Every structure is written in C-alpha cells, then in structure tokens.
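Undergrad: Here is the input, now give the coordinates:
(chains A, B and C)
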Amino acid sequence: MNESTYKSSREPLFRVVKRAERSGRQMLIFRLLAVLLSLVAGGLFILAIGANPLQVYRQILDGAFRSKLAFQGTVKLCIPLCISALGVTLAFKMKFWNIGGEGQIIMGGIFATYFALFHSDWNHWLLMLVCLLAGIVGGGLWGLLAAFCKVKWNTNETLLTLMLNYVALYLVTYLQNDPWRDPKANGFPKIASFDSNAILDRVLGVQAGWIVMLILVVAVWIYLKKSKQGYEIAVVGESQDTARYAGIRVKRVILRTMFLSGAIAGVCGMLQAVGTDATLSTGVAGGIGFTAIIVAWLCQLHPGMILVVSFLFSVLEKGSSVVQSQMGLSSDCAAVLQGIILFFILASEFFVRYSFVLRKKEKTPAPAAKKEAV
Amino acid sequence: MAQTTAIACSKITKRFGTVVANDAIDLQVRYGEILALLGENGSGKTTLMNMLSGIYHPDEGTIAVDGRTVAISSPADAQRLGIGMIHQHFKLVEPFSAMDNIVLGTKERKLNNRALKEKVLGLCKEYGLSINPEQRVQDMSVSEKQTVEILKVLYRGARILILDEPTAVLTPQETDKLFQILRGMREKGCAIIIITHKLNEVMAISDRVTILRKGKSVGTVETSQVDPAKLTELMVGHAVSLSIHRPEPRDVSTILKVVNLTVQRPDGGLGLDDVNFEIRRGEILGVAGIAGSGQKELCETIAGLMPAQKGAILYNKENILGKSPKEIIALGVSMSFVPEDRLGMGLVAGMGMTDNMLLKSYRRGKGPFVDRAPAKELAKELVDKLSIVTPSVETPVRLMSGGNVQKVLLGREIESDPNLLITAYPVRGLDINSSYLIYDLLNQQKEKGVAVVFIGEDLDVLLELCDRIMVLCHGKITGIVDAKATTKEQIGLMMTGEENA
Amino acid sequence: MMKKFLSALLAAAMMALCLAGCGGDTTGSGSGSGSASGGVAKEDIKVGVIHIGDPAAGSGYSYAHDQGIVGMQKNLGLSDDQIVRKNNVDDTKTADIENAITECIEEGCNIIFATSWGYMDVCERLSAEYPNVFFSHGTGVVSNGTNMNHYFGRIYQARYLSGIAAGLKTESNMIGYVAAMGQENGEVTSGIDAFAMGVESVNPDAKVYVKVTNSWYDPEGETQAAQALLDMGCDVIAQHCDTPNPQLAAERAGAFGVGYNSDMVNDAPNATLTSVMWDWSVYYTKAVQNVMDGTWVIGEKVEDYYGDMVDGLVTLGTLNTDLCAEGTEEAINEAKEKILSGEWDVFDGKTELEDNQGQMHTVEGADYGSVNWYYKNVELR
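TA: Numbers count the residues shown, from 1 in each chain, chains lettered A, B, ... in the order given. A predicted model of the protein is given here:
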C-alpha cells in the first residue's frame, strides 16, 4: 500500500493473510521445517566463510555429547537457562512482561552469597538450605518491587524490570569494589571464592542444581495447570476485567505471582553463585535472563517444552564453543549461527499464524477507470 | 429513470483460512438508489463492503465500477474511484475539530481555515447536513460524529457511499434524520449501500435489498415487493415468528431498592447521577439509553465490581454496597451478571468451556488444587441443554460463534441459580434464532420468580420483552415506564433527555 | 494456602538436595599422561590457551600472548592440533571460564595457559579437581607447587625505559597514562611508578596523569580515557590496557604515545614512540620444555615463573626514532645496560622511593603486587 501501488493501481506483490488455527500436528511439522531451514541457511553462512557445514554441525553435536565431561558441561549450561525460563513463564502467563529475569537472578545470587561468604562455618546442609531460601527471597523481592510499583502507581513493568536489571548489576559492582571486596585479590575488585563448605555438592558430576531444575519443571507445571493460584494467573493474564468479574483480587495475584517469578529466578542465581561459580561476579546472570525470555516464548510457556528447548539451546551453546576452538571459527561466527537458527524458529511462529498470498498473474489493471474517477 | 450501474460485483469469493466469508457473491448498486444489504451477523456483509473499500482483496471474482473492471487494493484506490465507507466504529481524531478531521489525509490540507470552513458548510448545505465545522469531535454527540464521517467521504468526492450499521448507535429521532439525509443524497444521484440487520429500517429506507446468508447471496428483491416476514425468511432460511413472547408477571416483589446512587467513572465524570429505582422479582426491567449513558456503571455497581460515591442499594433495608459477594449471598441475594463484554469480562476467551465454568466456583473445595470434574460435567450438561455447538468442551471459547459464546455465559450464570439476573446487551451480535433462545431463557427465569434486568439497545425488543423500561440519559433516569403503554418515539425522546415521563 | 504449597515445594526441593548429597561424586580425569620419569613425550603434549580477547584483533594483550604461543609452537616443533585456543572468554563470567577450561581438558589438554587475572579462582578450583592437568596462570598470585603455577615478569623495567622516551618528548610536561585498574592494583600501579621514575630521570618537571578505566579490556572506555587526558593538555599518552585505542586517539590528536603488549608502532606509526612489550614465547617455551624434559612434573612439582629483560620476557618494542626527541635512544640504552648487567634495577628493594603523599617506600621487584602508592610525580585524574 505505498506509492508504487498507488501509481499502478495494482495489487501489491504479496499480502499477509491470517490463517485459520492450525492443528498441533501441523504446528509441529512447521517448527521442524523451520529448524531444517535454519540449518540450511546456517549452512550457507558457514559455506560463505569457507568451512564445511556438515562438519560444523557434526562438531556441534560432538562438542555437546562426545564425552561424559562434555555432556556434563551441556547440562550445566541448561540448568540456569531452564530455571529462569520457568521463572519468567509464571509472569508471562499473567501477561506481566517481566524482562527482569537478569536482575532477579543477580539478586538471588547476592542474597545467597551473603551467607556463603560470611557464614561458611555453618553446617553444610543448613547453609545450603539457607542459601536457597536467601536466593528465593532475593529474587522474589526484586520481582515484587516491580509488581508493587505496577499495582500502586501503574508503572510500566517492562521498563521497570529492565531498569532493575542494571540496578542489580551495579549493586554487584559496588559489593565487589567495596564492602565485599576480596582483600587478597591484589587490588583487583572481586569477591573471594567461597569456602568449599559453602559450595553446592555435585551429583553425577554436575552441580545438584539439575535436580532442583527437574523438580521445578514439574512443580511449575502442576502449579499452572492444577492449582487454584495457577488458574487465577491464567484468568488475570487473559483479562483483568474477567478476573475482577470473577472476584479475583487482581493486585494480590500480580504481587504473589511476581514474587514467585522472581523467586524462581533467584533460585537460579543462588545455584549459579553457590553451585557453579563459587563466587559472585557481575557475570552471574550473563544474559541468561534474556535468553530465558526467548526460550519461554518459543515453548509457549509450557514447562516440559522449556526443559527440552533449554537443553537444545545448551547443546548449541556448548557445541559452538567447541567449533570455535576445533575449527578455528571465530566465536562470533558461532553467535551468528545461533542467531540464524533462532531467527528461523521465531519466523516460523509468524508463518504459523499468517501466510503470504502472491499477486495473481492474470491481473487486468484498469487505468481507464482511474482517470474517470478523479 | 435512466439509472446507471455504479458498482457491479460478480462472483466475489473471500476466504479466511478455512472459513469462506464470501462465496461467489453478486451485487449491483445503481446511482440514485439506496440498496440495503441485509444479513445476520457473520453472513459476510462487512467483509464484502471491506473489499469494496479496499481493505481486503477478493480471492476470486471481479469488481466493476462505472462499468470498468478495477482492482481496489487500498482505501486510497477506493477513494479515487469515488467509493466512501462509513464504518460502524468511527475513525475520527477526537481532539481535532470537525473540519480538521474532514480534511485530514487529503491533498488540500494546506487550504486556509476560512476557505475550508466555507467548503465544508457548502457541502452541508448541498446535502442538508448541519454541524459546526470548528467544534472539536470529542465534544460532539454520536449523531454529529456520524455526520462528520459522512462529510469526510463527501469531501473526498465520493458518489458511492457505504454505511455499515449506521443506526446501531442512534436514537429513533436521529435515525429518522439520517434517513432524511440519505434520501437527499439519493436525489443528488449518489449510490448508497446501507448494511443493516433491522428489518423495519430496510423497509423504511431502501429501494432494493440484497440478502446474504452464511456468506452466500440469497437474492436481490425490490423492497416494495416484500414484507418483513418474507425478508426474515430469506435471511434466516426458514419462517420465523417475529413476536416475542411476554408472560404476565406473577408474584412481583421488590428484591433491591436503589437509592440516590451516584457513581464516578474512572475518568472522573459521573457515570450515574443520583439514581433511584427498584428491581423486582418476577419481572424483566429493561434499561434503555444511548450507549455510555450509565448502563455499565449501573450493572457493575450492583454487581459489586465498582465502588459508589453516594447512595445505597437496599435489600430488606440492608445496604449491600461495599459488601463482599460472600456476605451478599449470606443475606439472601444471589446475583448473576452477564456483562456486555462477553469474551473480555464474562468469560476467559482463551479457555475452554470447562475452565470457564470454574470462573466463579474454582475456589470451592479444600486444598490448593482445582477440581475440574464437576465443571466438566456442568459444561457437558450445558452443551446438551442449550444445544451449544463446539468441537469439545475444551475448545477455547473464542473459537465459538457469538451465539454459542452467549449460551455458555448465560448458561453458566443461570446454573448458579440466581434470584437476580443482570444482563447487558445479551443479544448483541447474535443471529435471530439465538436471540429468541436468549429471550426464552430470560422469560423462564422471570417465571421462576427471578428478578431480571435487561440492558438493551434495540427499542423494539425492549418494548416487546420487558415489563418496565427505565431510560437513562447522561447517568440520570429520565423515566421508568410501563413497556405495554409506551411508544418507541417516547423512549427515543427520553433517551436524549428531551422528555420526562 | 500459598504458604502451604510453597513449603511443600521447598520440602521437595530440599529432599532432592539431600538425596543428591548421597550420590556418588565423579571427578573426570584429565587425559594427560603425567608419568614421573622423563617427563611427557612431545607428541603427548597438548596445550590449551584461554584468551580474554580474540588474537585475530592483531594487536593488544591476547595477540601478544598468542604470538607467544605461536613462538613456543615453532620453537618446540608442536603440530597445530596440539594447541587448543578458547577466545573471547569473559573473565567476569565464572561459568564461561570453567566451560572453556573443561573443554580444553575434554580435548585432551594437559597444559592450560590461562592468560587473564580473572581466571585465577577457577584455575585454583579446577587444579584440585584435575591433578593431572597443569594450570599455568598469567599475572596471578596463586600456586600450589604441584599442578598450578603463576607467571609474570619485571615489566616495570621496560616501563622505566619507555618513561625516558616520554619524558624527553613531552613539551607540555603533562603525560597521560590510561590505566586498566586503580591504585590498589599492584600490577598496574607498580608499572605507573616505574614509568614515572623513568620520566623523572630525564625530565624532573613533567607530571604523569593517570586515568582508570576499571576494565582490562574496554575499547570504548580506553578511547574515552585517552581523549580526556589529551583534552587536559597531555601530549604523550602511555597505557596499561589491552587495545591500541589510546595510541590511535593520540595519533588523531597529533600527540604521541607509549604502547603496551604488542608493538603498537604498527598501529599508530605517527604517534607511538615505543612500546612496552612482553615476549611470552620465552615463558611458554620454557614451561612446555620443562614439562617435556621432566624438570616439572605435573601433579608433583611445578614452579612459579618471574622473568625479566635479561631472559627476554620483557622487551621494549621498536623505537620510533623519527618521532623521538634527540638523544632518546642513547638515554634508553644507557639505562638498559645498567639493568641488563644487573648493576641497577628500578625496584631494587633498597632505594627509598617517595610517593605523592610524601611517604617513603622500598620495593623488591617480585613484590610489585604490594605497590599501592603512586610515585611523587604521579597524579590521579
């Protein structure tokens, strides 16, 4: 509908048309097709930079699964991604645009770190429990803060949660520069590594967080599908008017859900700090809070799917870093490859709902009518 | 009369996914005539007109304007071809003046104000319209806004006008005035298509009628050759009795007494202004009024969803305002409310019937989990009882047709066994069969001794269905009348506050 | 209701954690063949390098280290697949560091060179976990004598010499210094002090103005810091940070500079007077050689390394004689002779040095880490 059609008075080359609802099977085929296409497009990119796509893809799988150690590494990447995707899922189900997973992870990490750092002499299991609770409280409060402003002053939650990410991040910078600075770090601003008593145990070679992750997948699924509170979240998400009509206390649901959403992210932060990093650094969230949003959307907020897709993301992540070192591709190339695959999968979501209709060939433009009409 | 054909559509087909909205439709309109396009909701009227105004493009078939085949791919194309559409929902910039709205988007926006004003006034004079070109649209009445819309298309040189349900938002008096204007345009040689589903209006204004049913064209008839019964038959597919049954009220007793009720809208204006009336068991109280006269505030305040500034709602001398639903039920009032916005308030659009049945009862039972079994039972029961058409009780209700959605909502509310049932525009958008089913359900409730409140927009229906009619205007009650002893015109005057009963 | 549900959830989580505690703990074993006798055969050597940046940048810190690896590979005749590189490993993201190092181990590396300070804690932790892998951590302070050491050198020697070039060149008597870390960081601060002493030795009137970026690698921040110093009136910009951006900023402003890490005369030929450089191949060759010939035995004995100008780890890059003031080369050579002969050193552990607060200090070179004061002609901006 622009200048050219105005002149030619012809149909545009293609139009976007909304499709009928698709069946679950069609959707599945569509997504698989998208993955396939993305691999082809990614392959073209790899060819363009002078490598063999099949070799690269094999290398990715190889890098993620080639040994027990590799597989453990893949799982390790999966844990924070899956848990924080579960966290944002709760908020998104309510259509509360929590972009603050990053900050909530960090706050969970900060709270847990306090105990890991200053109470490392406590009984190990007590300390781990306290750290977990601290993570829940830290992340939860950070989520609650955005929800509180929303219900109190109707602030924009997208902006607020996004901003709070930076507040949390700079809080870590402050802590490592000043009050929690490691005096033994030769002037380098960092927080000391935790005492071994304050580090989460490993199970089957991976930090125990993977068990927490599996439990959370099931728990979030049950909570959303079966519980009264989950039902309230769904109603509030669909329509606040309906919720009001049904006598649901909307503000309370928003506050409660955002606390839980943040709390789950906080658990992720705790597991990262106490389970993986054994310290608190500005990289504790490392962008996972944002990737989690993509994962949650891709999975249409289904906890089971989130587990699967998080794992696939981890395979890609882990495999790419091996490709970088094995084939000498720059790590930026791996990032481009990931971007291409994501792009296609997200684009397939568009084609699930819409389709393009091409202009028909046998058009008979009518310039005569145009003159007449003026 | 040497009338030339303005638009000729032949074999127009439009599909949306698997839904065929228009199926090989033929339609012709000539200059100097008014063509009514009649059909129930969902029969494809608006889709067809949107193709004429360049919003959609037909999948098959051709459109000819002035005898030449054309492709209308944008509203701009339609405008150049002299086609102007007046939509049901006005597309005006509220803070702008009438003439700024009229000139918006045309090439002549550089015209100075005085010349523009003169041009607009000239158009008004030519077609017998009256507005103040410098008034801001937000300060205008619905009817005046519609006039601005008409001027907008006339200003752009339209000679073919399409009006989508133009009377839906008008009082009877305003409707008459609009029809006068349309007749004037016909005299000037314009071709006019008016979309409607109100039979009396078809009879009153049109020269010919094209009837659509389920996306197909059933035929075109000369208006003078048919009567409303015949039109209904064509529209619905079978003969329908058009009179609404009204059982005599029995054992009427007051359930709620509304005293000096004043309610503020969220924007600060008064939604209800010192309102006094009674709601009685065993009768249907109709509420008439122009849209936005306080109907929403009335329903929601009684239903306990909106706070009141002043006044009381008494049940046996006890004020129920500010009480929780639980407390109100404990007093003996069990209220059901069928809101105007069915999918946005009464139901959860993305959920199936089962989960929608739970909306008010999900808290039942101990423990943190929802028991879905009874809800599923209830959903299945309703499907049988009200012959609801849905693939399954888990299909999201937004995928169901308007009539079925309303059956789900009303069915759920009636199943909760209320003694007060408030319904806001319960038949809006429904086909004739569904509408009559709803009237029957409401009458059944009335005969059971339930107090029924019916917020309506079609005055014919209000007059036939209700026992008493309360008329609202700007949040005030301008009259409560006996439905059997009132005329449409009287109610129309009360709606604009020009007559107090 | 909510509390109950939450506590149930928590209990479940806790139970799982408890169960987890009973599970077996598997420690992956590195594939190194660290036999005690005679060292590791050449073909069994596999070296992993963790870079904070990308050596492909062609300049700066990671490039300098990678040149060292390339040199070592050539010196010892290792094949390409005996080197595994992990680039762009952010030293604030512990998980990423761990991932990169374990991947090297997966690929069979038995020697890991972790080049950035921030990798220290992870190396320390992993060295306990993988006793058959040798973790060699650059610039750090942690070592365990069995499979983790740290390596660094008397870079201050070259900095002193470069200070002579800067001191002779400046006309405004204002010299800028872009520093990655603040005063508490001994590595950076000792370098600044040595540089300032070099300046003072030829130009007692000049002052050194320091601007801190708080990051080892921050291309944007380094440009900004240099620009701020230039705007103040500095006409020579020295640097202790990873990119050549301060040199480029000086070049754009028509000023001069002293580069670091790699020979930045190549980056800014119209500005850089000389560069303070590392020749990491000296250490990398020595370390791998030691492992090969059994001088160091992974898991039993490794030693920290602290090199200097004498063994060639620390050097001064090309002296851009076209730009330098007259007599620069002679003055530098004179001081250099004294250092090489062992006759004198900047931090000799005896000479009383005055800081800019009037306090006196003595420093022994290997204790550079304790230097947290600025020399008397230094001012923080």
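
Undergrad: Backbone torsions only: list them for the residue nearest to A:Ile60 when sequence neighbours are not counted.
TA: Of all residues beyond its chain neighbours, the one nearest A:Ile60 is A:Gly319 (3.0 Å), with distances taken as CB to CB, 6 or more residues apart in numbering or on different chains. C-betas here are computed from N, CA, C, even on glycine. Note on A:Gly319: its backbone torsions stand at phi -60, psi -40 [degrees, to the nearest 10].

Undergrad: ok, the residue of the stretch 401-501 of chain B found nearest chain C - contacts?
TA: Of all residues in the stretch 401-501 of chain B, B:Ser416 sits closest to chain C, at 23.3 Å by CB to the nearest CB. B:Ser416 is in contact with B:Ser334, B:Ser336, B:Lys360, B:Ser361, counting by CB atoms under 8 Å, 6 or more residues apart in numbering or on different chains.

Undergrad: please redo it, this time with the cut-off set to 6 Å
TA: B:Ser336 (CB atoms under 6 Å, 6 or more residues apart in numbering or on different chains).

Undergrad: Then C:Gly167?
TA: Residues near C:Gly167 by CB under 6 Å, 6+ apart: C:Val199, C:Val202, C:Asn203, C:Ala206.

Undergrad: That one belongs to a helix?
TA: Yes. Under DSSP: H, G, I helix; E, B strand; the rest coil, C:Gly167 sits within a helix.

Undergrad: Give me the pLDDT value at it.
TA: pLDDT, C:Gly167: 94.

Undergrad: I'd like the distance between it and C:Met197.
TA: In this view, C:Gly167 and C:Met197 are 10 Å apart by CB to CB, to the nearest Å.

Undergrad: Give me the distance between stretch C:165-174 and the centre of its chain.
TA: 26 Å (CA atoms, centre = their mean, to the nearest Å).

Undergrad: how long is it from one end to the other?
TA: End-to-end distance of stretch C:165-174: 13 Å, with CA to CA, to the nearest Å as the criterion.

Undergrad: Also stretch B:52-62?
TA: 11 Å.

Undergrad: contacting residues around that stretch?
TA: By CB under 6 Å, 6+ apart, stretch B:52-62 touches B:10-15, B:50-51, B:69, B:72, B:74-75, B:77-78, B:83, B:85.

Undergrad: Narrow the residues you listed to those that are buried.
TA: Among those, those that count as buried by neighbour count (16 or more other CB atoms under 10 Å in any protein chain shown) are B:Ile12, B:Lys14, B:Arg15, B:Asn50, B:Met51, B:Ile72, B:Ser74, B:Pro75, B:Asp77, B:Ala78, B:Ile83, B:Met85.

Undergrad: Redo those as JSON lines? Include secondary structure and pLDDT.
TA: Listed next are those as JSON lines, based on DSSP: H, G, I helix; E, B strand; the rest coil; pLDDT from 0 to 100:
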{"residue": "B:Ile12", "secondary structure": "strand", "pLDDT": "91"}
{"residue": "B:Lys14", "secondary structure": "strand", "pLDDT": "89"}
{"residue": "B:Arg15", "secondary structure": "strand", "pLDDT": "84"}
{"residue": "B:Asn50", "secondary structure": "helix", "pLDDT": "88"}
{"residue": "B:Met51", "secondary structure": "helix", "pLDDT": "90"}
{"residue": "B:Ile72", "secondary structure": "coil", "pLDDT": "87"}
{"residue": "B:Ser74", "secondary structure": "coil", "pLDDT": "85"}
{"residue": "B:Pro75", "secondary structure": "helix", "pLDDT": "85"}
{"residue": "B:Asp77", "secondary structure": "helix", "pLDDT": "86"}
{"residue": "B:Ala78", "secondary structure": "helix", "pLDDT": "89"}
{"residue": "B:Ile83", "secondary structure": "strand", "pLDDT": "92"}
{"residue": "B:Met85", "secondary structure": "strand", "pLDDT": "90"}
